[in-house]
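Student: Got a predicted model here, sequence first, then my questions.
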Amino acid sequence: MSGWRLKAAGRVDRGARISFTWAGRTLHGHPGDTLASALMANGVSIVGRSFKYHRPRGLLAAGLEEPNAIVQLETGAVAVPNVKATQIELYEGLVANPVNAKPSAEFDLLAANSMFKRFIPAAFYYKTFMWPNWHWFEPAIRKAAGLGNAPEGVDPDSYDHRFAHTDIMVVGSGAAGLAAAIVAAKGGEKVLLVEADAELGGGLLAEPSEIEGLTAIAWRDRMLAALSGMPNVTVMNRTMAFGFYDHQLVGLCERMTDHLPPHQRSGPRQRLWKVRAKRAILATGAFERPMAFARNDLPGVMLASAAQTYALRYGVAPGRRIVVATNNDSAYQAAFALHDAGVGIAAIVDSRARGGDAIAGAAARGIRTIMDSAPVKAKGRRRVGGVVVAAVADGKASESIACDIVLMSNGWNPAVHLHSQSGGSLAFNSSLEAFLPSKSVQAAVNVGAAAGIFDLDAAIASGRAAGQDDAVAAPLPASVGPTLHFADGDARAGTAWVDFQNDVTAGDVQIAARENFRSVEHLKRYTTLGMASDQGKTSNVTGIHMLSNLLGKAPQAIGTTKFRPPFDPVTIGGFAGRAVGENLMPIAQSAAHASALAAGAKMENYGSWLRPACFPRAGEDEHVAVAREVLAVRGQVGLFDASPLGKIEVKGPDAAEFLQRVYVNGVRNLKVGRCRYGLMLSEHGIIYDDGVFAKIAEDHYLVGTTSGHAAAIADTLQEWLQCEWTDLKVLVENVTTGWAVMNVAGPKARAVLEAIGTEIDLSRDAFPHMAYREGLVGGVPARIQRVSFSGELSYEISVPWNYGRALWDAMIQAGAPHDIVPFGVEALMALRIEKGFLHVGSDTDGTTMPQDVGFGGAVAKKPDDFIGRRSTMTPEGRRVDRRQLVGLETLDTGGAFECGAHILASETKGIGATQGWVTSSVQSPTLGRPLAMALIERGTARIGETVQVWDLGKGRPARIVDPRFYDPAGEKLDG
Amino acid sequence: MLLIDCPFCGPRAEIEFRCGGESHIQRPGPHTEVSDAEWADYLYNRENPKGEHRERWFHAAGCRRWFNAARDTVTHRFRVTYKMGEACPEAGESAVSEAAPGAVAGGVI
């Protein structure tokens, strides 16, 4: 085969020349070319190597169904692997390389695989590399197979998402699609016409016949002119409908800059659309079926319609002496188009006894026809040199014809992908030997070739009918001739390709059938038929035909594999859209963020918040900084930004009753102006959250939650109110980000607050521990809770969010005489472990109930039901060997335990049955020794007992203790 | 992506909603009167029908209201959506928002 540029035909702009690089060679093409047509025009016949056997491959198709011409486009970060040459619009300076070929597509070292082809058929890997372990072989095998290379570096391109709504969406701008769009638009409804190709017109771009007295192109131009005059019509080219989802949702991928040289690209590379269409008209066309005959993957064997497209649209011919093999009339049109353009047609080989209407055209042109015959073998080493033809009746070779191209057409498969994805069913049409759309379950209708209507006039009529919402007529019966099948065991089947991209042959289908992989889904997975990136567009139905023939079972009974989106590969970046890098999720910052940074904060992510972990000074590592911060809080005073703490307002006449049902703890007897610590459970009895709630007024509470759970708890409270306790008059509002919270903690906390100035009486008696007050602080309205997670005298001062930074700054200034120190989350965690305070999520897990953390008494005392209560009373909840939260002391000099270290019985030698694990651990700066908390079976009753902690592969002695390590009487926080 | 007809906001895309599972489940009580079996049934046992499923949805990124829906688990068609506390309208009965006649799978467009 040697392609060449025809003298006149085609729609490329011959007045302009484009330079591009293929496999290191500089070649030339014209605007309007694809990479594929330009390669053909330059006489490049081998465009890649096959996936498994590294066989040389040429172009098979002209559209997105192309299985062979898989290329690596561009290099570096903008590289696109595994893109089909038929979909790449040629631009100046384009750089492309074949994939899976070392050192080159022309000469591939691994082509030796092809010599061993008969030893590595379907399932060879499954059967051979099982012993002793597949993973020993996997890396080498993966390296030998595979396609292109991932781009190097971060994707420099951006991608966009858009939503749209339309009355009618037309997919495909061929004759049927254009006809449908025009008629639909005349009704005044909003019409969106989408076309995957750069140029509108679909098959009309290579259509030799006339339509309504005009050339196909002139007819297309007239339709497009009419559409452009209608304000209710939107036409999008370079936009592929890749998926039809539930409720009339169609996914589109719009390629915005891919057709431009990289240096000219700006703005988003692609845009992903989610379009709701009240009605969809699918004019997606059809794919021609290849024929399976020995060595049909030689470069030079291609689809007849593809050659027609290359000649009439791009003005290139694949060779000079062509044999056309067909079982239907459509390939005659390809033969005539090439003949009329000056290409020699050696013969048309037709499997039918007598041809259709087109045969007259062959006679008129003097083209030889060979009836009742089909190709059985292509000849040639690296490209086609001839073809052996046999009689369909007995399969015996009758003639060998010299040629440089074999064109084939074994009938057509409607592109039913979107129809099938929408939930529509398929029915096998034996006259067309193809699966056609049958029932639709969404408002979607198929027209033209997508509906099996291949006659141009009938296709246009179907489009017009669908456009005005009339029924589409059934396709005309066609005369598709017989297919020559290889007998089971015929050696020639082993080189008769079915799936070109995944290297699956007729012989492989025979193996699957022989080994009882007879379901089409098993056939697919056993042989990998249809599993390549083309998803079997040229191969699936051929495989089903073969299986049907081997099993003697009708194709309808075999069925198809599931059609899944995307119809054609969509870049992952398109799905991600703008949600990448810093935009992956919103990160919240405190109002005092800038002041914390200025104070040297080391910021870390805690849930959705960026918070200071600690404030290391020059020369300090995190460990030293945390220890200093802890000692400052214990010794004088510290400042902690607690703004992320969840704050939920609960208000209404039934607020107390509602919270009584929400908390483990009692709520009704709380007095106005007081706070209480509360546990919340899930309905499964598991500890979900804890926090302090304050009673602001008789009908008004402020519910505090952990930082990570604020939104989820507000939602949960809403769900209970709206779905279960609809009789309660309560309003719930999450005000977490309405209030900034500064926590001043330490013996000097009161002095700092007094120095800022407040009208609130801060004396111990007037404002005791666990009290709530409102008033001006530094001239700003504030809510103050005297609560403590550090174990020291501590105030949490809430001010409207925008005053947060001012309050922080005022605190630092007012605290300077007392050596105030800002402290971060890590110091707070150390402080609370010293106090033995529970941290939900660290000291509890998905099995921890209130009785496991010392709240069994509170539950027993409360007469009322609350969320999760019944679950704590189940046999599981009553088990006496439940793990309970206790403290742990080291009995050696090995330092702090690792969190997660397992607790073993003290006499255990080596690894034994676990009795629990360490949940929190710290080297206490205050006490100067390691402290830990742990969930241990029957822990509370075992205080004083010695156990073994399996810590980083070593058994270490430890003693179970009361976890209140520091100030167990609570005198400090009460100070 | 489903199109869900919120009784308060009209048809909106699924990403605005959260499904809360089967609806019309009565919480048993008081806790002292409920057997383990009854409680386990309430916590864990669900209908999982092939066909119409009555379930509750939360318009989280919208009006933040919970409502009920009758959805077909095979076709994903929403027959009807209705407010909390209301009984599910039978087929043919008028409701907060009945699927438009002639509407396809997924109901109201």
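Tutor: Nice, thanks for sending it over.

Student: Could I get the contacting residues of the residue in the stretch 251-400 of chain A positioned nearest to chain B?
Tutor: Nearest to chain B in the stretch 251-400 of chain A, going by C-beta to the nearest C-beta, is A:K278, at a distance of 4.9 Å. No exception for glycine: its C-beta is placed from N, CA and C like everyone else's. Contact analysis of A:K278 by C-beta atoms under 8 Å, 6 or more residues apart in numbering or on different chains lists A:T166, A:D167, A:I168, A:Q248, A:A443, B:I109.

Student: Go ahead and name everything in contact with stretch A:347-354.
Tutor: Contacts for stretch A:347-354 (C-beta under 8 Å, 6+ apart): A:323-328, A:331-332, A:335, A:359, A:362, A:367-375, A:387, A:389, A:392, A:401, A:479, A:481-484.

Student: hmm, which of those are the buried ones?
Tutor: A:323-328, A:331-332, A:335, A:359, A:362, A:367, A:369-375, A:387, A:389, A:392, A:401, A:481, A:483-484 (16 or more other C-beta atoms under 10 Å in any protein chain shown).

Student: Next step: those restricted to helices.
Tutor: Applying DSSP state H to the buried ones among the contacts of stretch A:347-354, the entries found in helices are A:A331, A:Y332, A:A335, A:I359, A:A362.

Student: Quick one: these as TSV, columns for distance to chain B and pLDDT too.
Tutor: Below are these laid out as TSV (distance: C-beta to the nearest C-beta, whole Å; pLDDT from 0 to 100):
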residue	distance to chain B	pLDDT
A:A331	38	96
A:Y332	41	97
A:A335	44	97
A:I359	45	92
A:A362	47	96
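
Student: how close does the residue nearest to A:P875 when sequence neighbours are not counted sit to A:D654?
Tutor: The spatially closest residue to A:P875, leaving aside those adjacent along the chain, is B:D36, at 7.0 Å (C-beta to C-beta, 6 or more residues apart in numbering or on different chains). According to C-beta to C-beta, to the nearest Å, B:D36 stands 30 Å off from A:D654.

Student: Which of the two has more residues huddled nearby?
Tutor: Relative neighbour count places A:D654 above the other of B:D36 and A:D654, with 18 against 13, counting by other C-beta atoms under 10 Å in any protein chain shown.

Student: what's the neighbour count on the nearest residue to the more buried one once chain neighbours are set aside?
Tutor: The shortest distance from A:D654 to any non-neighbouring residue, by C-beta to C-beta, 6+ apart, is to A:L728 (4.1 Å). By other C-beta under 10 Å, the residues close to A:L728 number 15.

Student: and A:L728, helix, strand or coil?
Tutor: coil (DSSP: H, G, I helix; E, B strand; the rest coil).

Student: can you tell me how far it sits from chain B?
Tutor: According to C-beta to the nearest C-beta, to the nearest Å, A:L728 stands 13 Å off from chain B.

Student: for chain B, where's the lowest mean pLDDT among helices and strands?
Tutor: Every helix and strand of chain B was ranked by mean pLDDT, DSSP states H and E. The lowest is strand B:97-98, at a mean of 42.
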